[in-house]
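A.B. asks: Need coordinates for the following:
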Amino acid sequence: MKRALFLMLLCGLLCQCHSLRSDCKAIREREAIIAQEATGDYYIGRRYYIPNCRFWGYLRRPGQSWRTAKLVMMDESLTHTPDRGPEPPLENATFGTDANVEYIVHGTYTGDNAYDPSTDQILPVFRANKYEVKDKEPGFLFKPSEKYSENYVTLQPGIMPTPQICTQALSR
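C.D. replies: Here you go, the predicted structure:
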């Protein structure tokens, strides 16, 4: 019995190490691509949809890692978000249908914050004036092994292994 438990524990540790190495490899590859993005006065946005939440998703500056991304509320006074329309449970709902789509977003932070009661978070407000689809299937947001849930915020920059941890994992 002890031997079986030991083998299960060892297997679990080896799987986690493999997952960490593969996550780090994929993150490094993506960050090399991100580093080549054209600089400019715009943001890269990733729609992150959870039912009944009022945040829009994550924004980062071009050339910067997703580690720097901020979860934001959108001010729609200049333009509506791309998925603006009827919300679930209506049959013709379009709100949230662009989950995980990556956008080029033009606009500015307002300097204000807004409260999202569903997640109990105070978030920065961003006023967009233009959205352009960059990628409809961009893959993972923070790391390949991330787990998305519609019940609560599971995707946060903090789930990314640090560059130091990745260096250690990839050198083994």
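
A.B. asks: Quick one: classify the residue nearest to the spatial centre of the chain as helix, strand or coil.
C.D. replies: By CA atoms, centre = their mean, the mean C-alpha position of the chain lies nearest to residue 141, the distance being 4.1 Å. Look at residue 141: counting by DSSP: H, G, I helix; E, B strand; the rest coil, its state is coil.

A.B. asks: Could I get the pLDDT score of it?
C.D. replies: If you check residue 141, the pLDDT there is 95.

A.B. asks: do the same with residue 17
C.D. replies: 53.

A.B. asks: quick one, what contacts the residue nearest to the centre of the chain?
C.D. replies: By CB atoms under 8 Å, 6 or more residues apart in numbering, residue 141 lies in contact with 46, 48, 58, 66, 100, 155. From N, CA and C alone the C-beta is placed, and that goes for glycine too.

A.B. asks: what does residue 132 give?
C.D. replies: Going by CB under 8 Å, 6+ apart, residue 132 touches 103-105.

A.B. asks: circling back to that earlier point, nearest to residue 29, of the contacts of residue 141?
C.D. replies: Nearest to residue 29 out of the contacts of residue 141 is residue 66 (CB to CB; 13.0 Å).

A.B. asks: Please work out how many residues are found near the closest one.
C.D. replies: 20 (other CB atoms under 10 Å).

A.B. asks: any idea where the helices of the protein begin and end?
C.D. replies: Counting by DSSP state H, the chain has helices at residues 2-34, 163-170.

A.B. asks: For the closest residue to residue 20 other than its chain neighbours, give me its contacts.
C.D. replies: In this structure, residue 20 finds its nearest non-sequential neighbour in residue 169, 4.8 Å apart by CB to CB, 6 or more residues apart in numbering. Going by CB under 8 Å, 6+ apart, residue 169 touches 17, 20-21, 24, 161.

A.B. asks: From these, list the buried ones, please.
C.D. replies: 20-21, 24, 161 (16 or more other CB atoms under 10 Å).

A.B. asks: Rounded mean pLDDT for stretch 87-98, please.
C.D. replies: Summarised as a single mean, pLDDT over stretch 87-98 is 82.

A.B. asks: Need the contact partners of that stretch.
C.D. replies: Stretch 87-98 has contacts (CB under 8 Å, 6+ apart) with 47, 49, 51, 82-86.
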